Structures are given as C-alpha cells and as structure tokens.
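*Asks:* Provided below are the primary sequence and the corresponding predicted coordinates.
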Amino acid sequence: MAPGEGRSGAGGRAPGGCRDRVRRTGGAHRVPGRRAASARLVPPSRHGGTPDRGRTVNSSTASFTPAPPTPGPDGYTARLLADWRATGRPATLGDHLRHREALRRTTDARGSLVDAVEAAGLTGRGGAGFPTARKMRSVAAGRGRPVVVVNAMESEPASRKDQFLIAVAPHLVLDGAVLAAVQVGADTVHVCLPRTRTAQQRRLGNAVEERRSARLDPVRIRLHALPHGYVSSESTSLVRWLDGGPARPRGNPPHSHERGVARRPTLVHNAETLAHLALIARHGPDWFRRAGTPDEPGTMMITVSGAVTAPGVGEVPLGIPLDTALGRAGDTTEPVRALLVGGFAGTWLPAEDLHTPLTRRDLAPLGAAPGAGVLIALPRSACGLLETARILAFLGAQSARQCGPCRYGLPAVAEDFAALAAGQSHPELLSRLRRRTGLLPDRGACRHPDGAARLAASALSAFADDVDRHLARGACPAAHRPPRIPVPPATAPDTWR
Ligand code: SF4
C-alpha cells in the first residue's frame, strides 16, 4: 500500500474478486504482494519527520478548493493519508489552512455537521464501531457544558495506526476534535496520549502550539500523558484519569456521554474517527460514501503484521477482502495458517475465511469484527495455541482486577491455555477451559474479559486439530520454536495514575 492508500474513485464496494489471486496450500493461504511499491503499507518507522513549524498563512486570504482527495498512482484514492501520500512528509499547518474556509462554513451552523456525519454513516474506528453522530447528539443533549476527549492511547500492542495518523496528519485529527467540540457546544478538547510515547507527545504539542499562535480554534486544546495499561484506553478510564483518578475502567452508569469529565457530558472519540469527521466536513457525506459498502461506508486504517514481507500501516476501504488487505503488506513469508483480526482481543480466522470482506456485517457470523484494524498473519510453521497462550497471559496481567472475571476467570483461562499449549495432558483440561471461557463475557464492568474470551474460543476453533494433537501427544514441534507474535511482558501496569 502506498503511503496513504484508500479507495478507488469508482465508489461502492471494493471489487470482491480483486486482482490478486489467492493460492491455497494445504489449508494455508499464500497472498501475493502487489507489484507496485506504491500499493504497500507504510512501515511504522517511516512516519518520522517534524511538522513544518513557524509557517503561518492568513486564513482570510487562504482559498479553499473543494478538490477531491489525491488519487494515487495505483488507482486508489488516499483520504486520511492524502497529504502524506502526495508529499511524503507530515502535513503542515499550511496544508491544513488551505481547508480552513470549508471548516469555518461547517462550524457556522451548530449541528449541521452532525447531520452530515449521520448521512455519511461514520462509525467509531477505535474498535466498538458505534455510530459517531448518535454519540454526538447524546452529548449535545446532555446537561451542562460538554467536553471532548480524543482517545489517542492505542493500547493494543499490535496497532500502530493512530500513532501513524497523528505523526503524519496531526492537524486533521485536531480539526476533527475542534469541529466536534463546536458542534456539541464544548469549550475544551482533552487529547489523551500514552505517557510512554514522548515523540508523539512532542509532535502533537507542536501542532497545538502552531494552532494557538495562529489563533485558529475557538476551544481550548489540552494534551495529557496517561499511564499506558491495556485497559487504560477504555473511554471510562480516560474520564476517571482526567478527573484525578486511576486510568482504570469505571462501571456503568452513569455513561460518559451523560456525566463524564467534571460531571459534564463527555464525547470520547478515537483519533482516527475524528480525522474522518474532519474530512466529511470538507468533502461531504456523499463523497465519504464513495468508499466502503453501503452499510459500512468509508475507509479505515489498518495495521498488518506477522507473516508478511512489508508489515505496516495503511488505509483501505471497508469491504475489502481480508486477503486483499493482507496483500497490501507485500508477499506472505510463508503460507498463512490463520489471521488474527481485531488485535489481541480479536478473533482467529482460519485461512479458508480470508476471502471475507472487512466489515462488521460480514465478519459477525464468524464471531469477528474489524476492531481497530489490526491484522496479524500467523505463518503455518507457528503454533497458534502457543501464541494465544502468550497473549492471554498478557491480557490477564493487564486487567484492572476490579471485577470477578478479571480477578479469577481470566487468570484461570490463561493458565489452562498455557497448559494446553505446553501439551500437558489432563482429562478435564479442555472441558474446563471451554466452561471457564464461557463464563467470562458480559460479567465485567468493561469488555476486557469478553475480548479475552473471544480470543480463547476462536483459538480452540481455528486450531482444533492442534488442540487434539496437544492433548493426545503433547505439544507440537512448532510449540518448541521461538514465538512469532511480539507480545509485551505479562506484567501488571506499573501505575494507574
Ligand atoms: S472487567 Fe476487568 S478490566 Fe474491565 S473493569 Fe473489570 S476488572 Fe477492570
């Protein structure tokens, strides 16, 4: 995928057949990479560079041309990553100011952008996929002056898309946040970043300073560096932390949109979602719907890793087949055994399901969802049970340990899975694991245990042959090789504050 890859201008769903042939080899897929280098993902290491500081443009003289986003050389149209694709450098304040006229017009009429976002059919790109306009209306209708929170925590270890987007298009994210704030009547935007990513804080801090100097925004923008636990990116964790508490999820009610930061109605949106919102303000809902499917329009950022030659970040239209999305990350290094869709709290899909379109609707029957766009290709030579056991141990260690499923159920499931991966034979192991996994969902104050249960259950299904083998004859040879998926240490967060 090129630096910034979107949808062809033809509109509608990505061609289901796609140009790439998928060769099946013994139950595993080999996905040929695109020949054009421009069709590849952007390696995370390439999003360096500093914003063009000190350059100011008088917004009263800046002209706005409602041009369509830049078409790429491979026929795809870049959207969120258009400027990056066109220039190869982070978008400057000057790039941003060329669109100010459109933004001002949009902000004139409070609520009008909400209508446009609703017509566009934008849904959250942080994982939950909730309709964006509905959230905005709830907050706008709440009691008291609303607050906007930008969730740029990206605590999913396999995801890089928000980091990348903020590095190359910081003003697009900030535009979206400011536009959302104006539309719901908020006076403050809080941007939540992980404390560990100092370069990201510096870049976004520079962008905010540029805007402040140019007196662009009618609302306050404040950056915050939060502890980086896995569940600290939950929206209620952000609200708790901003109120002086720990960055741990809070049980419901009240919902954040009713009573969040400082007991004010709080709109929490993922960074990518807000960037899409800014583009809808510029180009309108009809333009937005030209990519994706009628039910799930637009593009989404993806992060592809695992058994591919060019792992990285890119932008694809919703509805693109999974194997086509995978192909944007180059050739597969060996046949793909399974694909982990949605990240560590996602779902393993066996190779035969890789033709499935990347939409909530198409993935739901398989128990999967696009989530935050994480795709991890497991090579055939790896042990899916071992990789799953390592991820479950991490998820167990990173829980907030406030609720029963996380205090007792999740560690027990992780322990059972580790025993299964190690080939420990116990007559009740599998039935106990299934029973315990089934007890995790819908019992926590947040969805953390649900995600772990989804991962565990999908592994038992996708790697059913391996389960039998491990139980009958001990761990397979692949389980004795070094693991393939990078998983952070299974330790509890150092701090919640
Ligand atoms: S379910 Fe787990 S992670 Fe979520 S609030 Fe309860 S203890 Fe914390």
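*Replies:* Alright, I've got the coordinates.
*Asks:* just to confirm, which helix or strand has the residue nearest to Ser425 when sequence neighbours are not counted in it?
*Replies:* Distance criterion C-beta to C-beta, 6 or more residues apart in numbering; nearest residue to Ser425, sequence neighbours excluded, is Leu471 at 5.9 Å. C-beta: built from backbone N, CA, C; applies to glycine. Using DSSP states H and E, Leu471 sits in helix 464-473.
*Asks:* tell me the average confidence for that helix?
*Replies:* Averaging pLDDT along helix 464-473 yields 93.
*Asks:* Against the ligand, how distant is Glu428?
*Replies:* 26 Å (C-beta to the nearest ligand atom, to the nearest Å).
*Asks:* Got phi/psi on that residue?
*Replies:* phi -100, psi 0 (degrees, to the nearest 10).
*Asks:* try Met301
*Replies:* Here is the backbone geometry of Met301 (degrees, to the nearest 10): phi -80, psi 140.
*Asks:* Same question for Val148.
*Replies:* phi -110, psi 140.
*Asks:* check contacts around it.
*Replies:* By C-beta atoms under 8 Å, 6 or more residues apart in numbering, the contact set of Val148 is 177, 180-181, 184, 186, 188-190, 219, 266-267, 269.
*Asks:* Export these as TSV, with columns for neighbour count.
*Replies:* Formatted as TSV, the contacts of Val148 follow (neighbours: other C-beta atoms under 10 Å):
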residue	neighbour count
Ala177	29
Ala180	29
Ala181	25
Val184	27
Ala186	25
Thr188	17
Val189	24
His190	23
Val219	17
Thr266	29
Leu267	29
His269	27
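*Asks:* closest to the ligand among these?
*Replies:* Ranked by distance to the ligand (C-beta to the nearest ligand atom), the contacts of Val148 are led by Thr266 at 18.0 Å.
*Asks:* close enough to count as contact, the closest one and Val150?
*Replies:* No. In this structure, Thr266 is not within contact of Val150 by C-beta atoms under 8 Å, at 11.5 Å.
*Asks:* Near the ligand, which residues of the protein are found?
*Replies:* Taking C-beta under 6 Å from any ligand atom as the contact definition, the chain meets the ligand at 231, 249, 399-403, 405-406, 444-446, 448-449.
*Asks:* Just these: which are in helices?
*Replies:* Per DSSP state H, helices hold the following members of the residues of the chain next to the ligand: 448-449.
*Asks:* per-domain residue ranges of the chain.
*Replies:* 75-288, 296-379, 384-480 (automatic domain parsing).
*Asks:* Neighbours of the residue in the stretch 201-350 of the chain positioned nearest to the ligand, how many?
*Replies:* Closest contact between the stretch 201-350 of the chain and the ligand, by C-beta to the nearest ligand atom, is at Pro249 (3.8 Å). With neighbours defined by other C-beta atoms under 10 Å, the count for Pro249 comes to 26.
*Asks:* Quick check: phi and psi on Ala459?
*Replies:* phi -70, psi -40.
*Asks:* So it sits against Leu386, correct?
*Replies:* No. Taking contacts as C-beta under 8 Å, Ala459 lies outside contact range of Leu386: 10.1 Å.
*Asks:* pLDDT averaged over stretch 138-145, what's the number?
*Replies:* Per-residue scores along stretch 138-145 average to 94.
*Asks:* List the buried residues for it?
*Replies:* 138-140, 142 (16 or more other C-beta atoms under 10 Å).
*Asks:* Point to the residue nearest the middle of this structure.
*Replies:* Compute the mean C-alpha point of the chain, and by C-alpha atoms, centre = their mean the closest residue is Ala372, 2.4 Å away.
*Asks:* so what's it up against?
*Replies:* Counting by C-beta under 8 Å, 6+ apart, Ala372 has contacts 125-127, 154, 156, 159, 161-162, 270, 303, 342-343.
*Asks:* Name the residue of this structure that lies nearest to the ligand.
*Replies:* Nearest residue of the chain to the ligand (C-beta to the nearest ligand atom) works out as Gly444 at 2.4 Å.
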